[in-house]
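> got a sequence here, can you build the structure:
(2 chains)
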Protein chains: 2
Amino acid sequence: MAEIRLPAEVAVVNVGLSAFARSVEQQGRPVAQVQWRIPADGDAAAVAALSRAYGAAATTIDAANAEVVRRLDQGAPRLLAIRTAADVVPGLDGRTIVHCGPAIAWSDTCDPLRRSIRAAVMAEGWAGTPERASALIESGQVTLDAANDHDAVVPMATALGPSAPVLVVDNPTGGTVAYSAINQGPGAVPWFGVESPAAVERLTLLRQVVGPMLRRVIEEAGPIDILTLVAQGLQMGDDVHMRTQATNNLLIRHLLPQLMTLGGAEATTLANFLRGNHLFFLNIAMAAAKALTLWAEQVDGSSVVTTMARNGTTFGIRLAGSREWFIAPAPPVGRALYQPGHGPEVAAPDIGDSAVLELIGLGGAAAAASPAVAAFVGGTLDDAVATTEEMDLISAGRSTRFKLPILGLRGSAVGVDVRKVVETGITPRVNTGILHASAGTGQIGAGVAEAPLRCFYDALLSLVL
Amino acid sequence: MAEIRLPAEVAVVNVGLSAFARSVEQQGRPVAQVQWRIPADGDAAAVAALSRAYGAAATTIDAANAEVVRRLDQGAPRLLAIRTAADVVPGLDGRTIVHCGPAIAWSDTCDPLRRSIRAAVMAEGWAGTPERASALIESGQVTLDAANDHDAVVPMATALGPSAPVLVVDNPTGGTVAYSAINQGPGAVPWFGVESPAAVERLTLLRQVVGPMLRRVIEEAGPIDILTLVAQGLQMGDDVHMRTQATNNLLIRHLLPQLMTLGGAEATTLANFLRGNHLFFLNIAMAAAKALTLWAEQVDGSSVVTTMARNGTTFGIRLAGSREWFIAPAPPVGRALYQPGHGPEVAAPDIGDSAVLELIGLGGAAAAASPAVAAFVGGTLDDAVATTEEMDLISAGRSTRFKLPILGLRGSAVGVDVRKVVETGITPRVNTGILHASAGTGQIGAGVAEAPLRCFYDALLSLVL
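Reported below is the predicted structural model:
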């Protein structure tokens, strides 16, 4: 590139291509670089949609978004109880299994989710082998559906049957109630796509011991303000998605009086389960986020995303005020760190409902809170800050309760706005684990997934055109 | 100041007064500023001592310091047991009470420490009232001594009698054993300078319930690697001095199986005690630090500090290889945040043995790890980083296990070197609480204390002149 020669006194504001600014800088003159790209890469339909969304429709959309953000930011969900799924989760009765992500045909279901669903079928006692479980599903004797369509969210490849214990989380201000499974813990377990007898046994342990014991503990402790714990956890190195270690331990200390009066051999089983499960709080945080999005999605005409979920085959979102799913192929988990002996060639695509956390200011939106997660996904704290800044660029508001210590206690981003996603081409960044694509051996790594632009594009067009 | 006019092309390295550099900068020319002050403010004796310490004696001192830093950095202390003080703490028998800081005459003892000592005398059953306790001490029927001279360390105004339960911490590599009291918890308690009946009752609770129950728990759990928990806590917002919340909770989760099998009414008492005590881990970390300094102080001829303790009247240090105390008046806690209705005019001077943590890379040395502590002592994260950088400037090495997340995982400073302290005039920064100077009402604030230069000066001169 030819050098641009400058006069002795000059100051430059450069818009767009940064190479010009660098050239000025190299000559020791002051320059301010303005980040600018052609909106939506100049796609005509997108530009038309954006013109309307930021023009004639802006007032309506902005008002709706403000209310959506208020609900996502202000609701105070409580861990209320543990119950059997069939008793509380809407429509989770008979021979139904609900799973992560958008609803999907069995034939299109990815390998880890298939295995997890079969493990759930076996744990229900409907089948004794994976083959028999597959046969029941293929013959239509077991119904599959998206957990999100039953007011529930489940992480990674979790599948949930009617006899499983579920977390019941209410949001008193909004009158919504959401559900999640109890986190299954680490190792060879169904939520990581394992269907071995030991994996099925873990589901039995949840139903027979962990669920009933925790049910007593939570009844005796009374409702727990989930997001107050989360706000503290963010000051303690959690992003409250990939890492919930600190928040988890705050909960355990909170429940110590109830835990320490349980007594008996089963108390030891529960103690060992809690002691060994760093992600126990993940599902609690997810249920809290779902309780908020269930409230927020009652607002009409918003460009803010209130459902974001993946099943390992497809990635789907919904906007507040609409039941319509916008679906695209599930992306790979791009920026990632793999366990030794594994790599992207054996990685399943992005999976799980946990991306609901990214909608309320956690996970990628709070990546800058967690140096440990930055390292765990193979990056540095600067990468984590970049992820958080990207989420901030595409969101409609900022949290008044989730503060990022290294960003001067700025609130994390709340409410992904499809207008900003399409305008910038930046899609939500989701901190997530990675499962083996076919071997049924569980988690093989962790990374940051970038949501596919297509579903945000479709959602925007559907909203305004 | 007259402006310095520069030619068109100039680059400047400025040494010393930064005003010259600013003037160059204002004219848009590149300038590198070198921080430089006259060593020891030009004090002749100090300059002579530094000339020798960095000259003829440097090789010997550097070798000794390297070994001291190795011991402070590499020892792996374990929480081994809980025992009755009289059974294990050397010389803590008969009617003896040990306390924070250097040894001190009763007549010179500050008000909060007096009250705490009297509470300990009453808890031992030697006296029924504070007046009677004072009389016993004044008549010599109760002996007082520095905890540090009995292989023990105690935080704030803690006093420790022979019937109290103590933490036993060993350092297998170095063959040392150190002790601390069990942390008394928050509120109106003796370690905050309160001697009310309720405060004395807290000591009884420790002896009758908390100590015996925790003794069982730790026996069943087996030895606990303290600094592995500490290293994790630093990634979770603890400085492991003012704040031990995360480390505390890691310990509780670690002990969950043993805690949850205790059973009985006393288990509930213990549960409530642990649940309400954010600083339970403080004393454990201090005992670990003492186990390391006991090992390090066996090295001769070092300029590294291995004892640093305050009793609210005096501030004392010792160098490795020497039993000699170097004493100066205890400083006020300068940069501080007070509870409403309180201020520096009613604040007791800096007090407690907890500054031992600053010698091994925690507290002020790790202030940058804790945005929450920065706010708690009335500052910002930038202030905390400055504190940590100051500790780094005056220390002989860096920790290989205590990593500071926001400083690119750099190790925190280990081993305060009196040469560097005298040379720079920067003294150790100690994160600490503040007690009421006279009212016996407990903690009134928290802040960062700056150690008095005089004792470092005296120690340096004693080492080399």
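
> just give me the neighbour total for the residue of the stretch 251-400 of chain A found nearest chain B.
In the stretch 251-400 of chain A, the residue that lies nearest chain B is A:P371 (3.6 Å; Cβ to the nearest Cβ). For glycine as for every other residue, the C-beta is placed from the backbone atoms N, C-alpha and C. A:P371 sits with 24 neighbouring residues when counted by other Cβ atoms under 10 Å in any protein chain shown.

> how close does it get to A:G363?
15 Å (Cβ to Cβ, to the nearest Å).

> and A:A265, how many neighbours does it have?
A:A265: 9 neighbours (other Cβ under 10 Å).

> next: A:H278.
17.

> quick one: residues in contact with stretch A:435-446.
A:110-112, A:115, A:156-157, A:187-189, A:192-196, A:242, A:312, A:333, A:336-339, A:342, A:346-349, A:351, A:376-377, A:431-434 (Cβ atoms under 8 Å, 6 or more residues apart in numbering or on different chains).

> could you rerun that using 7 Å?
A:111-112, A:115, A:156-157, A:188, A:192-195, A:242, A:336-339, A:342, A:346-348, A:351, A:376-377, A:432-434 (Cβ atoms under 7 Å, 6 or more residues apart in numbering or on different chains).

> stretch A:44-61 now?
Contacts of stretch A:44-61 (Cβ under 7 Å, 6+ apart): A:39-40, A:301-303, A:419, A:422-423, A:457, A:460-461, A:463-465.

> before we move on, what about stretch A:219-227?
A:76-81, A:169, A:254-255, A:258, A:284-285, A:288, A:401.

> returning to what we had before: most neighbours among the contacts of stretch A:44-61, which one?
A:S303 (31 neighbours).

> looks like that one contacts A:L463 (just checking).
Yes: the pair A:S303 / A:L463 is scored as a contact, 5.8 Å apart, by Cβ atoms under 7 Å.

> and the contacts of stretch A:435-446, which of them are in helices?
Residues of the contacts of stretch A:435-446 located in helices (DSSP state H): A:D111, A:P112, A:R115, A:F376.

> need the residues you listed in JSON lines (columns: pLDDT, neighbour count and distance to B:A127).
Converted to JSON lines, these look like this (pLDDT from 0 to 100; neighbours: other Cβ atoms under 10 Å in any protein chain shown; distance: Cβ to Cβ, whole Å):
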{"residue": "A:D111", "pLDDT": "97", "neighbour count": "17", "distance to B:A127": "74"}
{"residue": "A:P112", "pLDDT": "97", "neighbour count": "30", "distance to B:A127": "69"}
{"residue": "A:R115", "pLDDT": "98", "neighbour count": "28", "distance to B:A127": "71"}
{"residue": "A:F376", "pLDDT": "77", "neighbour count": "18", "distance to B:A127": "56"}
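
> and which of these is nearest chain B?
So of the ones in helices among the contacts of stretch A:435-446, ranked by how close each gets to chain B (Cβ to the nearest Cβ), first place is A:F376, at 11.2 Å.

> residues in contact with the closest one?
A:M242, A:L337, A:A446.

> then A:G193?
Taking Cβ under 7 Å, 6+ apart, one finds A:D111, A:P112, A:R115, A:S116, A:A157, A:L435, A:H436, A:G440, A:G442 in contact with A:G193.

> out of those, which is nearest to A:L203?
A:S116 (9.7 Å; Cβ to Cβ).

> separation between the most centrally placed residue in chain A and B:T158?
Residue closest to the mean C-alpha point of chain A, counted by Cα atoms, centre = their mean, is A:A355 at 1.6 Å. A:A355 sits 49 Å away from B:T158, going by Cβ to Cβ.

> so where's chain A uncertain?
Along chain A, segments meeting pLDDT under 70 span A:1-8, A:16, A:35-36.

> so what are the domain limits for it?
Using automatic domain parsing, the domain ranges for chain A come out as A:1-36, A:47-72+A:297-464, A:78-287.

> A:I444 belongs to a strand?
Yes: assessed by DSSP: H, G, I helix; E, B strand; the rest coil, A:I444 belongs to a strand.

> quick one: neighbours of it, just the number.
By other Cβ under 10 Å, neighbour count at A:I444 equals 24.

> quick check: closest non-adjacent residue to it.
Closest residue to A:I444 apart from its sequence neighbours, by Cβ to Cβ, 6 or more residues apart in numbering or on different chains: A:H342 at 4.0 Å.

> give me the number of residues near that neighbour?
Neighbours of A:H342 using other Cβ under 10 Å come to 17.

> got the phi and psi for it?
When read as degrees, to the nearest 10, the backbone of A:H342 gives phi -130, psi 160.

> ok, now how distant is it from A:P112?
14 Å.

> coming back round to it: hey, what's in contact with both of A:S303 and A:L463?
A:A53, A:L319.

> much appreciated, bye for now.
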